[in-house]
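S.K.: coordinates only, no sequence provided:
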């Protein structure tokens, strides 16, 4: 690949080490990308409220694609540019379908305001158990499904995420986008045709960059559309086997600064 005109990276398991930090080595590499005038875009399953810390660590002040492509966030302006949410009517249909597909599961909804911290954006029913340490408001399922959400998180502690995805997709078909970013019994459901790739495509169009001139890094199945869309898709050595199968290249692990190893070719 020629020198990329846009660099995109997933966050967890990719640019973050297992200590949840960006290393100095990777920070310096991203700094050289930005100093060159090349946009660096975080593309994450995380909502906007979890983005500023990571963006500040690497000095990125431009766009961030959040919630698996359902939100475009301007980091420097602390402004949500757009969101592609699931309406309450669609959420209730989704909830009924999931009762059939995944009996015994619990749900939570991610909601987004005009800024990263505008509202208490995560609400879950009482039976929901976080895959990561985090707090949330507890509400009846009717309340969880009663407001537009950028993604619905579905948790089942007795199943793997892959098993859950297969069961949910068998019932939902292509009516919703179903993916996962951890193997710990958690799937994330977005509106139809919403992926990290669709979110990054919007950023690339705004910046006048063609897909073939974009490089992207990732580690989990929710990065598959992203790596397929860009000109050069790079999987971390610690990546899920499904992502390794579609990557153009495999770099080092997240703890080995795999993102920086590749960026050093051009920056």
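M.R.: Received the coordinates, thanks. This one's a predicted model, so the numbers in the text were calculated from it and none came from an experiment.
S.K.: all strands of the stretch 151-267 of the chain, in order?
M.R.: Ranges of strands in the stretch 151-267 of the chain, per DSSP state E, counting those that start in this stretch, are 151-155, 176-179, 186-191, 214-218, 232-235, 249-250.
S.K.: among the ones you listed, show me which one is buried the most.
M.R.: strand 214-218 (a mean of 29; mean count of other C-beta atoms under 10 Å). Just so you know, the C-beta spots here come from the backbone N, C-alpha and C atoms, and that holds for glycine as well.
S.K.: now it: how far from the chain's centre is it?
M.R.: 13 Å (C-alpha atoms, centre = their mean, to the nearest Å).
S.K.: what does it contact?
M.R.: Identification of contacts with strand 214-218 by C-beta atoms under 8 Å, 6 or more residues apart in numbering yields 1, 4-10, 14-15, 43, 196, 200, 204, 223-224, 226-227, 229-236, 239, 243, 251, 258-259, 262.
S.K.: can you name the element that comes right after the worst-scoring helix or strand of the chain on mean pLDDT?
M.R.: In the chain, the helix or strand scored least confidently by mean pLDDT, DSSP states H and E is strand 137-138, which has a mean of 84. Where DSSP states H and E defines the elements, the next helix or strand beyond strand 137-138 is helix 141-144.
S.K.: partner strands of the least confident helix or strand of the chain and their direction?
M.R.: strand 122-124 (parallel) (DSSP bridges).
S.K.: now the strand it pairs with: mean pLDDT?
M.R.: Mean pLDDT, computed over strand 122-124, is 92.
S.K.: got it, and stretch 202-222?
M.R.: 98.
S.K.: next: stretch 153-170.
M.R.: On average, stretch 153-170 scores 96.
S.K.: straight-line length of that stretch, end to end?
M.R.: Using C-alpha to C-alpha, to the nearest Å, one end of stretch 153-170 lies 17 Å from the other.
S.K.: buried residues in it?
M.R.: Across stretch 153-170, burial judged by 16 or more other C-beta atoms under 10 Å covers 153-156, 159, 161, 164-165, 167-169.
S.K.: which stretches of the stretch 151-267 of the chain form helices?
M.R.: 161-172, 196-207, 224-229, 241-246, 258-263 (DSSP state H, counting those that start in this stretch).
S.K.: ok, and what's touching the last one?
M.R.: Contacts of helix 258-263 with the rest of the structure, by C-beta under 8 Å, 6+ apart, involve 7, 9, 14-15, 23, 25-26, 28-30, 32-33, 215, 217, 234, 236-237, 249, 251-252.
S.K.: ok so, going back, format the helices of the stretch 151-267 of the chain as TSV; extra columns: distance to residue 186.
M.R.: Conversion of these to TSV gives the following (distance: least, C-beta to C-beta, whole Å):
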stretch	distance to residue 186
helix 161-172	6
helix 196-207	17
helix 224-229	17
helix 241-246	16
helix 258-263	24
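S.K.: between the ones you listed, which gets nearest to residue 112?
M.R.: Nearest of these to residue 112, taken as C-beta to C-beta: helix 196-207 at 13.0 Å.
S.K.: what residues does the closest one touch?
M.R.: Residues contacting helix 196-207 (C-beta under 8 Å, 6+ apart): 6, 8, 10, 39, 41, 43, 63, 65-66, 68-72, 210-211, 214, 216, 218, 222-223, 225-226, 228-230.
S.K.: pLDDT on whichever helix in the chain runs longest, on average?
M.R.: As assigned by DSSP state H, the longest helix anywhere in the chain is helix 88-101. Taken as a whole, helix 88-101 carries a mean pLDDT of 95.
S.K.: direction included, what does the next helix or strand after that helix pair against?
M.R.: The first helix or strand that comes after helix 88-101 along the chain, using DSSP H and E, is strand 106-110. As defined by DSSP bridges, the strand partners of strand 106-110 come to strand 122-124 (antiparallel), strand 151-155 (antiparallel).
S.K.: tell me the mean pLDDT over strand 106-110?
M.R.: The model assigns strand 106-110 a mean pLDDT of 96.
S.K.: report the inter-axis angle for it versus strand 186-191.
M.R.: 50 degrees (axes from the mean of the first three to the mean of the last three C-alpha atoms, to 10 degrees).
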